[in-house]
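In: whatever this is, show me its structure:
(2 chains)
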Amino acid sequence: MAVDRLDAVRDDAPGPVERAATAPVRRRRLPFSPWHLLLAPMALAFVFPLVQMVLTSFMDDSEINRFPPRFLPRSIDLGSTGGRGQERASGYVGLLTQTPVLHWLLNSAVVATVAVVSHLVLCSLAGYGFARLRFHGRQVGFFLLLGTVMIPTQLLLVPTYVLFARLGFVDTLAAAFVPWLASAFGIFLMRQFFLSLPTELEDAARIDGCSTFGVFWRIVLPLARPALATLAIFTLLGSWNDLVWPLVAINDESSYTIQLGLANFQGTRRTQWSLLMSGNVVATLPLVLAFLFAQRQFVATMTFSGLKG
Amino acid sequence: MTVFASSAPVRPARAARVRRRLVGDLTGWGFAGPATFVVLGLSVFPALWALRISRQKWNGIAPPKPLGWTNYQLMASDPDLFAAVRHTVVLTALFVPLSLLLGLLIAIALNQPIRFVGFYRTCVFVPFVVSAAVTGILATFVFNPQFGIVNAGLRSVGVAPQQFLESPSQVLLVLVLVSLWGSVGFTVVVYLAALQDIPRELTEAALVDGANRRQVFRYVTVPQLRPVTVFTAVWQTITALQLFDIIYTTTRGGPLGASQTVVYYVYYQFRELQRYGYASAVSYGLFAVTMLITLAMVVYARRRGTEAF
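Out: Below is the predicted model:
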């Protein structure tokens, strides 16, 4: 429903902007709240680059390289494969036929899927363990986990690379998803959620003869859907957009994730803008669509994580 | 005690207790163990290993040579590291206040009962799902000195075209803008949540007592936002000190090293020069400084009576 409202609003969104430009400036009362004067340009600044990205992906390179720059494409150009007689590969056609981008997208999808599934399983199990079960070493373990939040990534670059090299992860997708199998953040999130649940249901199930795992699986987990959604989005965003670990541990082009592939385009195809922009669209579209459909959950995730560098 | 009389029946009871405890421990670690193992194995263990590597001369291939604290002493006379520290300080000093101010301003605006708020909010949050690789390509495009849209805009208001990311004197400022674009959504969300948590009675009481809106903001809203401001400031400082992805995907430390930050320098020493020991030492140095700054900010806030953590 949130989406319906957004769409309805978007159609006439430029309204206040136009009015701001054309209305005679009166001192006392604007025909709209003055907050629009702040928010409209801000909103434009945030969305403009993305709109331009989509529009530019449909231009050919000569159109992109003009000055002054064109905002709207003259016609929809899907690009060309390049080669024989033609110029270089460009646009979506060039992207899909002349670069391994589909392969990279598949790699990223594998990484994100493994990361999300593993996060949901491992972090909810551990969160429940730390929230409800009594066992030796529980407090020490949890204290250590809390401490890891302070360890910055750059400290881990060298040893993790060496570790991955010894385990044979270098140049495989494992290097991209192993760092995302579980996280301290995920464990805290689930633990806090389980602590907020009343214990009566679990006690009742226990008395009826349910095992510990049965209580967790049949009683607690179905109640944890909101927390699991937050955790899934956190992991999806983090693993799909991750650049550092693939960059450090993957040199083999066939194991690139889409992010690493794009980042390295910067070096090899830096002037093939229609190709780069099509790549950007392809890499961003899944997440933007997911965001528009589940905005509330995404915002909850943002509040909780602050993830992203 | 009735040791003699009951020694026979006690033993099975104690055995049962021991077994129950063992089962409890096994169950507990069965839940908490896998995630804890993964998280600690990829944070505490490599962090300790990095400490060891930082006291060695090692290129990853030849056998490591123990050096004692030499790598740390080298840092004191490394002009490139000093430059990287300077760049990091400039970035942080610009990024943190701007992201707080902008975040607060947008959050206040989004908290007003005006039209299109849902649309504006979507616009501000969308960049949050865009990856650093995509942001980097977009930034080089939008800020392109030849055909970039920003220069076109400047020219239309009579300003000469700028070099932006290709100018040693402008590059840090542009990078701050680019990182703000991707991360202001987070500060906005945090401030928005905090604003909505301010009890209505407080502002209403102030209004009843004859305060005008500016006074309400100054004497009611601002004090209520103090804890969240401290938290966000610490968080954004850590983010800024560790800025890497955006730099890799835009300038790779250039032009002429003008955007090389400490974390980028760590990466450079590690991947380009294979100086594993020195890279680890620098990353430990940055870690120590980050901890000190964080601690100083929290202590300062406590002294002034704000409990943020």
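
In: neighbours of A:Thr268, how many?
Out: 8 (other C-beta atoms under 10 Å in any protein chain shown). Backbone N, C-alpha and C define where each C-beta goes, glycine included.

In: gap between it and A:Gln98?
Out: From A:Thr268 over to A:Gln98 the distance is 12 Å, taken as C-beta to C-beta, to the nearest Å.

In: same deal with B:Leu110?
Out: B:Leu110 is 43 Å from A:Gln98, by C-beta to C-beta.

In: more neighbours: the two, which one.
Out: More crowded of B:Leu110 and A:Gln98, by other C-beta under 10 Å: B:Leu110, with 22 against 19.

In: which residues sit in contact with that one?
Out: A:Leu39, B:Val117, B:Tyr120, B:Arg121, B:Val124, B:Val188, B:Leu192 (C-beta atoms under 8 Å, 6 or more residues apart in numbering or on different chains).

In: got a pLDDT number for it?
Out: At B:Leu110, the model reports a pLDDT of 93.

In: would the lowest-mean-pLDDT helix or strand in chain B count as contacting chain A?
Out: When each helix and strand of chain B is scored by mean pLDDT, DSSP states H and E, helix B:3-41 comes last, with a mean of 83. Yes - residues of helix B:3-41 contacting chain A under C-beta under 8 Å from any C-beta of the partner chain: B:21, B:24-25, B:27-36, B:38-40.

In: ranking the residues you listed by neighbours, who comes first?
Out: Greatest neighbour count in those, by other C-beta under 10 Å, goes to B:Ala35: 29 neighbours.

In: wait, that residue touches A:Ile187, no?
Out: Yes - using C-beta atoms under 8 Å, B:Ala35 is in contact with A:Ile187, at 5.7 Å.

In: can you check which residues contact both of those two?
Out: Listed as contacting both B:Ala35 and A:Ile187 by C-beta under 8 Å, 6+ apart are A:Cys123, A:Ala126.

In: show me the contacts for the residue of the stretch 201-309 of chain A at minimum distance from chain B.
Out: Closest residue of the stretch 201-309 of chain A to chain B, C-beta to the nearest C-beta: A:Asn241 (3.6 Å). A:Asn241 is in contact with A:Gln259, A:Leu287, A:Lys308, B:Val129, B:Val130, B:Ser131, B:Ala132, B:Ala133, counting by C-beta under 8 Å, 6+ apart.

In: mind putting those in a markdown table, neighbour count and secondary structure included?
Out: Listed next are these as a markdown table, based on neighbours: other C-beta atoms under 10 Å in any protein chain shown; DSSP: H, G, I helix; E, B strand; the rest coil:
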| residue | neighbour count | secondary structure |
| --- | --- | --- |
| A:Gln259 | 27 | helix |
| A:Leu287 | 22 | helix |
| A:Lys308 | 22 | coil |
| B:Val129 | 25 | helix |
| B:Val130 | 23 | coil |
| B:Ser131 | 26 | coil |
| B:Ala132 | 28 | helix |
| B:Ala133 | 31 | helix |
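
In: now, which of these sits nearest B:Val90?
Out: Distance to B:Val90 across these (C-beta to C-beta) is lowest for B:Ala132, with 19.9 Å.

In: is it true that the closest one touches B:Thr250?
Out: No - counting by C-beta under 8 Å, B:Ala132 sits too far from B:Thr250 to count as a contact (9.2 Å).

In: just give me the longest helix of chain A.
Out: Using DSSP state H to define each element, chain A has its longest helix at helix A:101-132.

In: for the record, mean pLDDT for that one?
Out: When pLDDT is averaged over helix A:101-132, the result is 96.

In: can you list contacts of the helix or strand following that helix?
Out: Downstream of helix A:101-132, the first helix or strand assigned by DSSP states H and E is helix A:138-148. The contact list for helix A:138-148 (C-beta under 8 Å, 6+ apart) reads A:129-130, A:184, A:187-188, A:191, B:28, B:32, B:36, B:39-40, B:43-44.

In: cutoff 6 Å now
Out: Residues from elsewhere that reach helix A:138-148 (C-beta atoms under 6 Å, 6 or more residues apart in numbering or on different chains): A:Phe130, A:Ala184, B:Thr36, B:Val39, B:Ser43.

In: do stretch B:222-229 as well
Out: For stretch B:222-229, the surrounding residues in contact (C-beta under 6 Å, 6+ apart) are B:Val190, B:Ala194, B:Ile198, B:Thr306, B:Ala308.

In: what's the distance between the most centrally placed residue in chain B and B:Leu42?
Out: Centroid-nearest residue in chain B: B:Thr239, 2.3 Å away (criterion: C-alpha atoms, centre = their mean). Applying C-beta to C-beta, the value for B:Thr239 to B:Leu42 is 21 Å.

In: could you list the low-pLDDT ranges of chain A?
Out: In the predicted model of chain A, residues A:1-28, A:83-87, A:304-309 satisfy pLDDT under 70.

In: residue in it with the shortest distance to chain B?
Out: A:Phe135 (2.6 Å).

In: my guess is that residue contacts B:Thr27, does it?
Out: No - using C-beta atoms under 6 Å, A:Phe135 makes no contact with B:Thr27, being 7.0 Å away.

In: so which residues on the stretch 201-309 of chain A come close to chain B?
Out: Residues of the stretch 201-309 of chain A lying close to chain B (C-beta under 6 Å from any C-beta of the partner chain) are A:212, A:241, A:243, A:259, A:262-263, A:276, A:280, A:283-284, A:287, A:291, A:299, A:302-303, A:306, A:309.

In: in ChimeraX, how would I select the buried members of those?
Out: Selection of buried members from those for ChimeraX, criterion 16 or more other C-beta atoms under 10 Å in any protein chain shown:
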select /A:212,241,243,259,262,263,276,280,283,284,287,291,299,302,306,309
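
In: in strands only, show me the residues of the stretch 201-309 of chain A next to chain B.
Out: Nothing among these maps onto strands, per DSSP state E.

In: in chain B, mark out all the strands, start to finish.
Out: The residue ranges that make up the strands of chain B, judged by DSSP E, are B:56-57, B:65-66.
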